[in-house]
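Trainee: only geometry, no sequence info:
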């Protein structure tokens, strides 16, 4: 295993190139948020995205746009750059290891027309095995309407079909995974978790305060745009967000998350979501709350997130 800076295929061709739905691992072309990309130098890229005035899942609430729509843009940038810039064949899987972001809630105020969105992406700690990408870290500065809106850092691994099959074993069988899937439980009230529609709730009551079960609705058009054999990362992020909002005494928005992905979340076993308030550090702005969210399955942790929220009417700048 070698650690190096990979040459980018587009380094000598700085013009923008279009993005296809396949490159961002979306079946529905309407779910493709990224529109074009271009290299800015070795391992640095500019990616343009369309920021729709309304998204069927990441539609925002309380007059503000949804910060997780920006994170979905970053998620789409992972397979895009793997395939388009680092020559990763289709069929390889990218698996999140960790994700951290801070966003400027004040810059997410909703307006009538879509904003132009750009991601300035720097790839570091690029690891390869032979000539094949094995993993890397992406640092992203997201701008919305020309204003820096979020800063994101994430690391992921890139797995060949053979490696993925070995890691997943029988769970790699898509049809079997869906056949074994538990039906989604009864959703909690949407307003409790910052949602308007029941079908967008990803938590069901577990009978204990501060605990819920993860709802994996395989028919959800946004979270399950295409068949997968495990709960996708964006579903886990949404569960963390909803769990933190469920404990908030006032309507709030997420301004930061620090997460770690430990194991795959399976469909055939209950997944417990637990949320615990974290005591605020000295100097924490009034109303800011930190919540530790943990997802456990089969007796062990699979995902953790420290979620920072602020009341929607007093949210202020979080990103430097």
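Mentor: Noted; the coordinates are in hand. Bear in mind the structure is a predicted one, so any value in this text is a computation, not a measurement.
Trainee: off-centre distance for stretch 68-76?
Mentor: Its chain's average C-alpha position is 6 Å from that of stretch 68-76, according to Cα atoms, centre = their mean, to the nearest Å.
Trainee: could you tell me the average pLDDT over that stretch, please?
Mentor: On average, the pLDDT along stretch 68-76 is 96.
Trainee: stretch 122-139 too?
Mentor: Rounded to a whole number, the mean pLDDT of stretch 122-139 is 96.
Trainee: what's the answer for stretch 261-278, then?
Mentor: Averaged over stretch 261-278, pLDDT sits at 97.
Trainee: OK, contacts around residue 99?
Mentor: Shown in contact with residue 99 (Cβ atoms under 8 Å, 6 or more residues apart in numbering): 71, 152, 153, 154, 233, 237, 257, 259, 261. From N, CA and C alone the C-beta is placed, and that goes for glycine too.
Trainee: give me the subset of those residues lying in strands.
Mentor: Taking DSSP state E as the definition of strands, these contribute 152, 153, 154, 257, 259, 261.
Trainee: strands along the stretch 1-150 of the chain, start to end?
Mentor: Using DSSP state E, counting those that start in this stretch, the strands of the stretch 1-150 of the chain run over residues 2-3, 17-18, 34-41, 44-51, 93-103, 115-129, 132-144, 147-159.
Trainee: packing partners of the last one?
Mentor: In other words, strand 147-159. Packing contacts for strand 147-159, counted by 3 or more Cβ pairs under 8 Å, 6 or more residues apart in numbering; DSSP states H and E, involve helix 67-84, strand 93-103, strand 132-144.
Trainee: what segments of the stretch 201-320 of the chain are helices?
Mentor: 233-247 (DSSP state H, counting those that start in this stretch).
Trainee: how about low-confidence regions in the stretch 101-250 of the chain?
Mentor: Judged by pLDDT under 70, the stretch 101-250 of the chain has its weakly predicted residues at 110-114.
Trainee: show me the contacts for the residue nearest the centre of the chain.
Mentor: Of all residues in the chain, the one closest to the mean position by Cα atoms, centre = their mean is residue 234, 4.2 Å from it. With contacts defined as Cβ under 8 Å, 6+ apart, residue 234 is in contact with 68, 71, 72, 75, 223.
Trainee: got a winner among these for most neighbours?
Mentor: When neighbours are counted by other Cβ atoms under 10 Å, residue 71 leads these with 26 neighbours.
Trainee: what's near enough to touch that residue?
Mentor: 99, 101, 152, 234, 237.
Trainee: try 6 Å
Mentor: Listed by Cβ atoms under 6 Å, 6 or more residues apart in numbering, residue 71 has no contact partners.
Trainee: phi, psi of residue 200?
Mentor: Backbone torsions of residue 200, given as degrees, to the nearest 10, read phi -100, psi 0.
Trainee: quick revisit: quick check: which of the strands of the stretch 1-150 of the chain is nearest to residue 242?
Mentor: The closest of the strands of the stretch 1-150 of the chain to residue 242 is strand 93-103. By Cβ to Cβ, the value is 16.7 Å.
Trainee: go through that closest one and flag the buried ones.
Mentor: 93, 94, 95, 96, 99, 100, 101, 102, 103 (16 or more other Cβ atoms under 10 Å).
Trainee: name the nearest of those residues relative to residue 184.
Mentor: Nearest to residue 184 among those, counting by Cβ to Cβ, is residue 96 at 22.6 Å.
Trainee: that closest one touches residue 261, doesn't it?
Mentor: Yes. Taking contacts as Cβ atoms under 6 Å, residue 96 lies within contact range of residue 261: 4.6 Å.
Trainee: great, nothing more from me.
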